[in-house]
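# sequence-free structure coming up:
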């Protein structure tokens with residue numbers, strides 16, 4: 001059985017924050033818990049991991065730090081996908097562009113390429129149309145915090161993994177405190 005996990009990094013981090021954490025110390029620790037749960041139901045499952053984020057280009061230091069971070073994810077067996085990131089001149093805040101589209105396109109590619117299960121760690125309604133279409137080809141699950149305002153995602157997936165339950169499986173040293 002083939003599966004893939006798609007992490008919308010910024011959306012996932014927001015959900016971790018709703019649960020009282022900044023996030024995992026390493027994404028691989030978190031993904032190992034996802035695999036642990038999957039192996040109970042599907043002992044022969046193989047799983048690809050994908051993280052979607054962006055690298056700011058406003059300073060060399062920030063850009064280099066993010067590139068190093070993405071390389072560390074790749075060493076952990078997590079494929080990285082980069083959107084565009086820039087500073088919004090009106091707000092001074094970073095803005096990502098293209099990340100949801102990259103995730104949605106990959107979701108459809110994997111659904112059409114005979115993956116048996118796709119798991120989306122995002123509550124973002126922007127990718128729900130891709131989730132709905134992918135369901136015609138395969139089973140789709142989501143990882144969501146119980147308090148995440150993800151009504152459209154919940155309605156369109158075949159099931160939900162509770163972020164709180166996954167966090168409980170992790171040791172305290174695998175989580176970054178707020």
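Nice, I can see it. This structure is a prediction, so every number in the text was calculated from the model and none was measured.
# going forward, measure contacts and count neighbours with C-alpha atoms only.
Will do.
# Show me where this protein has its helices.
9-18, 27-41, 60-75, 99-112, 128-134, 151-156, 163-169 (DSSP state H).
# mean pLDDT lowest for which of these?
Note on these: helix 60-75 shows the lowest mean pLDDT, a mean of 85.
# hmm, who's touching that one?
For helix 60-75, contacts defined as CA atoms under 8 Å, 6 or more residues apart in numbering pick out 27, 28, 55, 56, 57, 79, 80.
# what about the nearest residue to residue 126 once chain neighbours are set aside, how many residues close to it?
With sequence-adjacent residues excluded and distances taken as CA to CA, 6 or more residues apart in numbering, residue 126 is closest to residue 100, at 6.8 Å. Taking other CA atoms under 10 Å as the criterion, the count of residues near residue 100 is 19.
# now residue 172
By other CA under 10 Å, neighbour count at residue 172 equals 12.
# I'd like the distance between it and residue 23.
Here the distance between residue 172 and residue 23 works out to 11 Å (CA to CA, to the nearest Å).
# Next, find the distance separating the spatially most central residue of the chain from residue 120.
The C-alpha lying nearest the average C-alpha coordinate of the chain belongs to residue 7 (CA atoms, centre = their mean; 1.1 Å). In this view, residue 7 and residue 120 are 6 Å apart by CA to CA.
# now swap in residue 80 and tell me
With distances taken as CA to CA, residue 80 is found 15 Å from residue 120.
# Next: residue 65.
Between residue 65 and residue 120 the distance is 26 Å, computed by CA to CA.
# now residue 141
Using CA to CA, which is the criterion applied here, residue 141 is 6 Å from residue 120.
# before we move on, what about residue 154?
Residue 154 sits 11 Å away from residue 120, going by CA to CA.
# Identify the contacts common to those two.
With contacts defined as CA under 8 Å, 6+ apart, the residues shared by residue 154 and residue 120 are residue 142.
# rewinding a little: so residue 141 and residue 120 - more neighbours on which side?
In this comparison of residue 141 against residue 120, neighbours counted by other CA under 10 Å, the higher total goes to residue 120 at 27 against 22.
# Report the contact partners of residue 162.
143, 144, 145, 146.
# what do you get for residue 47?
2, 3, 4, 5, 35.
# now the residue lying farthest from the centre of the chain: how far from residue 54?
Summary for the chain: using CA atoms, centre = their mean, the residue whose C-alpha lies farthest from the chain's mean C-alpha position is residue 90, with a distance of 28.3 Å. Computed with CA to CA, the distance linking residue 90 and residue 54 is 20 Å.
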